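> Predicted model follows, preceded by the sequence.
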Amino acid sequence: MQFIRPDLHTRRAFLRRTGQLALTGAALPTAINLAAMGEAAAFNATDYKALVCIFLNGGNDQANTVVNYDPTTHGLYSAARVNVALSRAALANTVLNPTTPLPGGVQYALHPAMTGLANLFNTGRAAVQLNVGPLVAPITRQQYNARSVPRPPKLFSHNDQQSVWQSSAPEGSPTGWGGRIGDLVLSSNANSTSLFTCISVTGNAVFLAGNSALSYQVGTGGPVRIRALNDTRVYGSEMVRAAITALAVQERTHRLEREYNLVTGRANGAFTQVSTALANVPPTDAAYAGFPANNNLGDQLRIVARLIASRAALGARRQVFFVSMGGFDLHDNLINGQNTLMGRLSAAMTAFHDATAALGVANQVTAFTASDFGRTLTSNGDGSDHGWGAHHLVVGGAVRGAAFYGKAPPVSVGNSTTDAFDQWHVGQGRLLPSTSVDQYAGTLATWFGVQGTEMNAILPNLGNFNSGDYPRDMGFMVNPQA
């Protein structure tokens, strides 16, 4: 068994995209990369669905996000987390009440700043996936120590684990699983060039890179302006702007010049189309009133909600979005730092769900969190170090909410080779994932409409997870065929 490179197992041949082009110093959106747009796979969606990945850059500390609450496990958690443990009293307002209690009396609460998400969970609109992380195949602590089963490359490294989470391959991967889903659904969207299938509000990300699908970038205020074509004046002169516009649309015989003008024209057309569509759903509309001020993630999710509201004008039936927030690499000042971060995350995600409900698409939009990795259960002064598995949140009307999925890991930092509690981590309480990212992603992709062998092109390691302990579908989404 070996780590599989997804770029060698995609369904369509393609030409690799070249570097970004620029015009008079103004960078063009990723969507206008010089590229050959491969043939889109057949996918006949008639309804609308959107996936929204919320990436927490830096490695979120899962132990203080989804916190052990019952007296027994909270006591073990507190003993391991010297200086950074949250008290049971502080967690009283965010206790999670699943419809089916966890075995052994285990209880969890969310971070005290996450009251909005706790309410979504307790009212059935959010779920928690326990202990998920990158895996090539199921692995035990003994196999990890013996290196007898392939492990994800370069564990505990920020850049590589961000890439592995987003693409199933280390840094340098040309495609991500969000972009590969985009490849599959291109034919469902009205414009076969599919600039509006994969949309990032946070710059370049491998997650949205496909073989045919391109990652179209927008800012929190809307599409990226090509200044030389859209400003009234360039370098203070209307004549300069007119001259550059004429050069950009002029017929060319040189292949590279011709392609440059084609993609520039396509980008400019996209700018106009998105700007026009968004003008009909201004941010002052009542649907967006709940988004918090001074919250960049909230600003990103607001533009996502407005783009979803514009789906008909953009000709989109399937869309994949990517947003992010940073600051999670808390080797110190964990308590104060995470209090701010968790408050912003909860407020933004809650407002986004409320906006989708106001727009009438809550059942058609699913937001989910991801991060480089979890962190150590043991404290490092007033912080924590890089880990592996982590707990993540899934929010939306199609989520089977008020429930935990996967296995609740015992709270242990021991190193016994015989104690079952100690088999759940690989040192310092670094969780050995009991659910793979491929299973997590596969569950979302199934809801999105991916079927059968199509999944192999998107998640090439998913075939290694097909037993009772490692199901291909974790069950946290409503069956699309139901």
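Perfect, I can see it now.
> drop to CA atoms for contacts and neighbour counts, all remaining ones
Will do.
> distance from the centroid: which residue in the protein tops it?
What lies farthest from the middle of the chain is Met239; by Cα atoms, centre = their mean that is 43.9 Å.
> so where's the stretch 251-400 of the chain shaky on pLDDT?
The stretch 251-400 of the chain contains residues with pLDDT under 70 at 252, 257-266, 268.
> Please enumerate the strands of it.
According to DSSP state E, counting those that start in this stretch, the stretch 251-400 of the chain carries its strands in the segments 318-325, 365-371, 390-395.
> Those into a markdown table, with extra columns for mean neighbour count and distance to Leu130?
Below are the strands of the stretch 251-400 of the chain laid out as a markdown table (neighbours: other Cα atoms under 10 Å; distance: least, Cα to Cα, whole Å):
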| stretch | mean neighbour count | distance to Leu130 |
| --- | --- | --- |
| strand 318-325 | 25 | 21 |
| strand 365-371 | 24 | 12 |
| strand 390-395 | 26 | 5 |
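> mind putting these in a markdown table, distance to Leu459 included?
Shown next, in a markdown table, are the strands of the stretch 251-400 of the chain (distance: least, Cα to Cα, whole Å):
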| stretch | distance to Leu459 |
| --- | --- |
| strand 318-325 | 16 |
| strand 365-371 | 16 |
| strand 390-395 | 19 |
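> closest to Gln166 out of those strands?
Evaluated over the strands of the stretch 251-400 of the chain, closeness to Gln166 peaks at strand 365-371, with 8.6 Å, by Cα to Cα.
> tell me how far the closest one is from the chain's mean position?
5 Å (Cα atoms, centre = their mean, to the nearest Å).
> ok, it: who's next to it in the sheet?
The pairing partners recorded for strand 365-371 under DSSP bridges are strand 49-56 (parallel), strand 390-395 (antiparallel).
> Select, out of the ones you listed, the one closest to Arg125.
Of all these, it is strand 390-395 that lies closest to Arg125, at 5.9 Å by Cα to Cα.
> Output the closest one as PDB, restricted to C-alpha atoms.
Taking Å, rounded to 0.1, in the frame of the first residue of the first chain, the C-alpha atoms of strand 390-395 are listed here in PDB:
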ATOM      1  CA  ALA A 390      -9.000  17.000  15.600                       C
ATOM      2  CA  HIS A 391     -12.700  17.600  16.000                       C
ATOM      3  CA  HIS A 392     -14.600  19.500  13.400                       C
ATOM      4  CA  LEU A 393     -18.000  21.100  12.900                       C
ATOM      5  CA  VAL A 394     -20.500  20.700  10.100                       C
ATOM      6  CA  VAL A 395     -23.400  23.100   9.800                       C
END
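> how close does the spatially most central residue of the chain sit to Thr366?
Centroid-nearest residue in the chain, with Cα atoms, centre = their mean: Cys53, separated by 2.4 Å. Applying Cα to Cα, to the nearest Å, the value for Cys53 to Thr366 is 9 Å.
> give me every residue that touches the residue nearest to the residue nearest to the centre of the chain when sequence neighbours are not counted.
Of all residues not flanking Cys53 in the chain, Phe322 sits nearest, at 4.9 Å (Cα to Cα, 6 or more residues apart in numbering). Residues near Phe322 by Cα atoms under 8 Å, 6 or more residues apart in numbering: 52-55, 199-202, 205, 207-208.
> that older thread, out of the strands paired with strand 365-371, which is closest to Ala370?
Of all the strands paired with strand 365-371, strand 49-56 comes closest under Cα to Cα, at 4.8 Å.
> chain center to the closest one: distance?
4 Å.
> export that strand as PDB, just CAs?
In PDB, the C-alpha atoms belonging to strand 49-56 read as follows (Å, rounded to 0.1, in the frame of the first residue of the first chain):
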ATOM      1  CA  LYS A  49     -26.100  22.700  -3.600                       C
ATOM      2  CA  ALA A  50     -23.100  24.500  -2.200                       C
ATOM      3  CA  LEU A  51     -20.200  23.300   0.000                       C
ATOM      4  CA  VAL A  52     -18.300  25.900   2.000                       C
ATOM      5  CA  CYS A  53     -14.900  25.000   3.500                       C
ATOM      6  CA  ILE A  54     -13.900  27.100   6.400                       C
ATOM      7  CA  PHE A  55     -10.200  26.600   6.900                       C
ATOM      8  CA  LEU A  56      -8.600  27.400  10.200                       C
END
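> which helices and strands does the helix or strand just after it pack with?
From strand 49-56 onward toward the C-terminus, using DSSP states H and E, the following helix or strand is strand 66-68. With contacts defined as 3 or more Cα pairs under 8 Å, 6 or more residues apart in numbering; DSSP states H and E, the packing partners of strand 66-68 are helix 71-80, strand 108-110.
> try it again with 6 Å
Using 3 or more Cα pairs under 6 Å, 6 or more residues apart in numbering; DSSP states H and E, the elements in contact with strand 66-68 are strand 108-110.
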